[in-house]
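Trainee: can't give you the sequence, but here's the structure:
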């Protein structure tokens, strides 16, 4: 645990995709940089760096957040799930299958964030309507698809998970 | 983008946090409270803010409550916008708060951003201030000498400046429970999801028979601070809640604005949007006061 004493450097421990990892981080290190640079999990993307685009979305204790707008030290002792944690035993997660089947991506840059947000939506709502899906992903920007196939991909996954 | 260096402090109790704000503040260095961080971290990354210390209040237990007590809705310092939006009490009785939370940034930001932080940040472009002005909320500021209550109408003193002392934490928002015959609504004009308001208007009405017994109007991003449209509020009292009354009140609310020119529009346009949104918010508040949607 980070000490309650003020410091500019902290030893932290974070569970990422089920594995407990440790790091010594500066106060100012962002969670997305911890994930990509310290832990070398580069599936999580940095898009805008200004809290707009959602490419860096990860699940923090199961809740989707923009990891460019959380400090690494805030994740101390907590659970983080990234896009690398979706596939299990060589089998794609239903949401990944959905994006593949429905062509839910073109360039793929926004996809890791879209997958994490959609995954969290389906945990809460087994049968989301189009409006609910569009609401849920409104913090994730895609500049290729026009969102139509992304909505279909989420519905595909929802049907598969039911 | 990477913030400038700072020391990070993570108190485990409110008294520890207040003690830190006091002791660190004495050094003359800037100290900021980190709650949801969804406004603060972007400012740090852009280096518009370079505090020497961050005091992270997120690990203090017991600050994430939403409860009604003695005719007052109490919202604790660590209530996230997402929690407000999904709260059964709020959904049942405080529709204006749902209107407001739903248009703040986007759902991912709302998973972290806090309602109290939306006020404490002191940004005239934030959405809750207008609503809190319309419904006559108070905030509780807790410091070394205990808690004091500040009416929201006295809270916003200048752009990004509030009545909070450097060693105080905004620990609670208190909202009077809506009386029978009341209704409120918040409307925001935005260019796209997640943008700050081009203009925003909150209206709250208490109707008694055929007349308006009480009225509150708050406006977003139309001046250096959130605006309480007192002239329009006074005008509404005792009047019939009809189109002519609301049109005049909306005109008076727009006259109270002093918008700046930016990429969202010019002064004349924003003032006109203030008028239109106030009129629509009053209409909606009146419909809700009469039991409609």
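Mentor: Noted; the coordinates are in hand. Here the structure is a predicted model, which means the values were calculated and not measured. Numbering: from 1, shown residues only, chains lettered A, B, ... in the order given.

Trainee: Show the backbone phi and psi for the one residue in the stretch 51-200 of chain B that gets nearest to chain A.
Mentor: For the stretch 51-200 of chain B and chain A, the shortest gap (C-beta to the nearest C-beta) falls at residue B:106, measuring 3.0 Å. For every residue, glycine as well, the C-beta is placed using N, CA and C. In terms of degrees, to the nearest 10, the main-chain angles of residue B:106 are phi -140, psi 170.

Trainee: That one reaches residue A:137, doesn't it?
Mentor: No: between residue B:106 and residue A:137 there is no contact under C-beta atoms under 8 Å: 9.1 Å.

Trainee: Quick one: classify the closest residue to the residue of the stretch 51-200 of chain B closest to chain A other than its chain neighbours as helix, strand or coil.
Mentor: Distances taken as C-beta to C-beta, 6 or more residues apart in numbering or on different chains place residue A:139 nearest to residue B:106, at 3.0 Å, with adjacent residues excluded. What DSSP: H, G, I helix; E, B strand; the rest coil gives for residue A:139 is coil.

Trainee: contacting residues for the closest residue to residue A:153 other than its chain neighbours?
Mentor: Leaving out its chain neighbours, the residue that sits closest to residue A:153 by C-beta to C-beta, 6+ apart is residue A:104, at 3.2 Å. If you count contacts by C-beta atoms under 8 Å, 6 or more residues apart in numbering or on different chains, residue A:104 has them with A:98, A:111, A:114, A:145, A:149, A:150, A:152, A:153, A:154.

Trainee: what's near enough to touch the third one?
Mentor: The one in question is residue A:114. A:54, A:57, A:99, A:104, A:105, A:137, A:140, A:142, A:150.

Trainee: now the helix or strand harbouring the third one: mean pLDDT?
Mentor: Taking DSSP states H and E as the criterion, residue A:99 maps to helix A:94-101. Summarised as a single mean, pLDDT over helix A:94-101 is 98.

Trainee: Check which residues of it are buried.
Mentor: A:94, A:95, A:96, A:98, A:99 (16 or more other C-beta atoms under 10 Å in any protein chain shown).

Trainee: Check stretch B:269-278 too.
Mentor: B:270, B:271, B:273, B:274, B:275, B:277, B:278.

Trainee: now, among these, which is nearest to residue B:235?
Mentor: residue B:278 (11.7 Å; C-beta to C-beta).

Trainee: Could you measure from the residue of the stretch 51-200 of chain B closest to chain A over to residue B:112?
Mentor: As defined by C-beta to C-beta, to the nearest Å, residue B:106 lies at a distance of 11 Å from residue B:112.

Trainee: same deal with residue B:168?
Mentor: Counting by C-beta to C-beta, the gap from residue B:168 to residue B:112 is 22 Å.

Trainee: ranges for the helices of the chain?
Mentor: Assuming you mean chain A. Counting by DSSP state H, the segments of chain A that form helices are A:31-33, A:94-101, A:111-124, A:130-136, A:148-161.

Trainee: wrong one, I was asking about chain B
Mentor: Using DSSP H, helices in chain B cover B:14-26, B:40-45, B:81-86, B:88-93, B:95-102, B:107-110, B:115-120, B:128-135, B:230-236, B:243-255, B:267-289.

Trainee: Quick one: these as JSON lines, columns for mean pLDDT too.
Mentor: As requested, the helices of chain B are exported to JSON lines (pLDDT from 0 to 100):
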{"stretch": "helix B:14-26", "mean pLDDT": "96"}
{"stretch": "helix B:40-45", "mean pLDDT": "97"}
{"stretch": "helix B:81-86", "mean pLDDT": "98"}
{"stretch": "helix B:88-93", "mean pLDDT": "97"}
{"stretch": "helix B:95-102", "mean pLDDT": "98"}
{"stretch": "helix B:107-110", "mean pLDDT": "98"}
{"stretch": "helix B:115-120", "mean pLDDT": "98"}
{"stretch": "helix B:128-135", "mean pLDDT": "98"}
{"stretch": "helix B:230-236", "mean pLDDT": "98"}
{"stretch": "helix B:243-255", "mean pLDDT": "98"}
{"stretch": "helix B:267-289", "mean pLDDT": "98"}
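
Trainee: mind listing what the closest residue to chain B within chain A touches?
Mentor: Nearest to chain B in chain A, going by C-beta to the nearest C-beta, is residue A:139, at a distance of 3.0 Å. Residue A:139 sits next to A:54, A:57, A:66, A:117, B:105, B:106, B:107, B:108, B:109, B:193, B:194 when contact means C-beta under 8 Å, 6+ apart.
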